[in-house]
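Novice: Got a predicted model here, sequence first, then my questions.
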Amino acid sequence: MPIHATAIVDPAAQLAPDVSIGPYCIVGPHVRIDAGTELAAHVILEGRVHLGRRNRVASFACIGGAPQDKKYAGEETSVEIGDDNTIREYVTINRGTVQDAAVTRIGHRNWIMAYVHFAHDCQIGNDTIFANACQVAGHVHVGDWAILGATTLVHQFVRIGAHSFTAMGTFLQQDLPCYVTAAGNPAQPYGINSEGLRRRGFSTDAIAAIKRAYKAIYRSGQRLEEARQQCLEIQQQHPEVAALSEFLSRATRGIIR
């Protein structure tokens with residue numbers, strides 16, 4: 001097992017035989033690392049952390065630190081990270097709190113660039129991209145394939161829908177629906193993420209239907225519930241719109257408008 005001589009790995013840590021641990025890393029006793037994962041120099045894994053298979057963690061990342069929450073009193077909470085993620089330099093991922101899920105969870109195949117912060121109890125899906133210095137507050141949920149531009153700031157408890165997109169410097173203080181592109185401080189909607197949908201195999205008809213649903217929400221002047229009813233009608237012919245209808249039905253902070 002390739003563990004550098006300067007790394008400090010607690011004997012109780014559970015490591016697959018082919019895990020690679022670079023110089024000056026610190027791996028605590030409640031850490032589990034699955035096959036094929038590599039830690040570069042100076043990575044810190046503390047608390048209860050499970051790293052899945054084939055993850056790449058760059059230098060000075062800190063995963064599993066205590067929540068930045070004054071209510072936290074040392075409870076046994078955790079971080080769970082799936083497979084095939086890239087976690088770049090100086091990323092910080094705090095473990096969960098008992099006031100919520102008690103776990104901060106990251107799915108598979110995510111690309112997390114330098115200086116990104118995930119606070120306690122965040123739930124991150126699959127295939128997302130977080131550009132440099134995104135700051136995500138506690139209890140935030142992010143759907144699959146979402147892309148957040150550099151220095152995007154996300155208020156606590158915000159939900160970010162699948163296939164959505166934010167421009168650099170965006171501040172999200174309300175929910176961002178599926179498929180929607182946002183920019184600004186505070187965030188404003190700027191159409192749907194058409195190019196991203198095309199790249200992921202959405203048909204021309206599906207994208208056109210999503211555009212109609214977007215116009216019902218943002219361009220028709222209707223109340224949100226009226227717009228949702230129109231989305232429900234559109235999804236009868238185009239099931240891709242169902243994700244948007246469901247998102248609207250569960251929005252608790254309101255959506256950006």
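Specialist: Nice, thanks for sending it over.
Novice: need the contact list for the nearest residue to residue 123 once chain neighbours are set aside.
Specialist: Spatial nearest neighbour of residue 123, chain neighbours left out: residue 141 (4.7 Å); criterion: Cβ to Cβ, 6 or more residues apart in numbering. Glycine gets a C-beta too; all of them are placed from N, C-alpha and C. Counting by Cβ atoms under 8 Å, 6 or more residues apart in numbering, residue 141 touches 122, 123, 158, 159, 160.
Novice: helices or strands next to the longest helix along the chain in the packing?
Specialist: Using DSSP state H, we find that the single longest helix of the chain is helix 204-218. Packing partners of helix 204-218 (3 or more Cβ pairs under 8 Å, 6 or more residues apart in numbering; DSSP states H and E): strand 188-192, helix 194-199, helix 224-235, helix 242-250.
Novice: give me the number of residues near residue 239?
Specialist: The local packing of residue 239 (other Cβ atoms under 10 Å) involves 11 other residues.
Novice: now swap in the one 10 residues further on and tell me
Specialist: Here the count is done by other Cβ under 10 Å, and residue 249 has 11 residues near it.
Novice: Residue 105 too?
Specialist: 19.
Novice: surely residue 154 meets residue 146?
Specialist: No: if you go by Cβ atoms under 8 Å, residue 154 and residue 146 don't touch, sitting 10.6 Å apart.
Novice: Looking at those two now, which is surrounded by more residues?
Specialist: residue 154 (28 against 25).
Novice: So what pairs up with that one in the strands?
Specialist: Legend: beta-bridge partners of residue 154 under DSSP bridges are residue 136, residue 172.
Novice: Contact partners for it?
Specialist: Residue 154 neighbours (Cβ under 8 Å, 6+ apart): 134, 135, 136, 137, 140, 148, 160, 172.
Novice: Report the buried members of the residues you listed.
Specialist: The neighbour count (16 or more other Cβ atoms under 10 Å) marks 134, 135, 136, 137, 140, 148, 160, 172 as buried among the contacts of residue 154.
Novice: and which of the residues you listed is nearest residue 45?
Specialist: residue 136 (19.5 Å; Cβ to Cβ).
Novice: and the closest one, what does it touch?
Specialist: By Cβ under 8 Å, 6+ apart, residue 136 lies in contact with 116, 117, 118, 119, 122, 130, 142, 154.
Novice: Make CSV out of the buried ones among the contacts of residue 154 and add distance to residue 86.
Specialist: Below are the buried ones among the contacts of residue 154 laid out as CSV (distance: Cβ to Cβ, whole Å):
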residue, distance to residue 86
134, 14
135, 19
136, 17
137, 22
140, 20
148, 15
160, 19
172, 23
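Novice: got the CA positions of stretch 21-37 in PDB?
Specialist: In PDB, the C-alpha atoms belonging to stretch 21-37 read as follows (Å, rounded to 0.1, in the frame of the first residue of the first chain):
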ATOM      1  CA  ILE A  21      -1.600   8.600   0.500                       C
ATOM      2  CA  GLY A  22       0.900  11.400  -0.200                       C
ATOM      3  CA  PRO A  23       3.400  13.200   2.000                       C
ATOM      4  CA  TYR A  24       2.300  14.800   5.300                       C
ATOM      5  CA  CYS A  25      -1.300  13.600   5.000                       C
ATOM      6  CA  ILE A  26      -3.300  13.100   8.200                       C
ATOM      7  CA  VAL A  27      -5.900  10.300   8.300                       C
ATOM      8  CA  GLY A  28      -8.000   9.800  11.400                       C
ATOM      9  CA  PRO A  29      -9.200   6.700  13.100                       C
ATOM     10  CA  HIS A  30     -12.800   6.900  11.800                       C
ATOM     11  CA  VAL A  31     -11.900   7.200   8.100                       C
ATOM     12  CA  ARG A  32     -12.700   4.600   5.500                       C
ATOM     13  CA  ILE A  33     -11.100   4.900   2.000                       C
ATOM     14  CA  ASP A  34     -12.100   2.500  -0.800                       C
ATOM     15  CA  ALA A  35     -10.100   1.100  -3.700                       C
ATOM     16  CA  GLY A  36      -8.200   3.300  -6.200                       C
ATOM     17  CA  THR A  37      -8.500   6.600  -4.300                       C
END
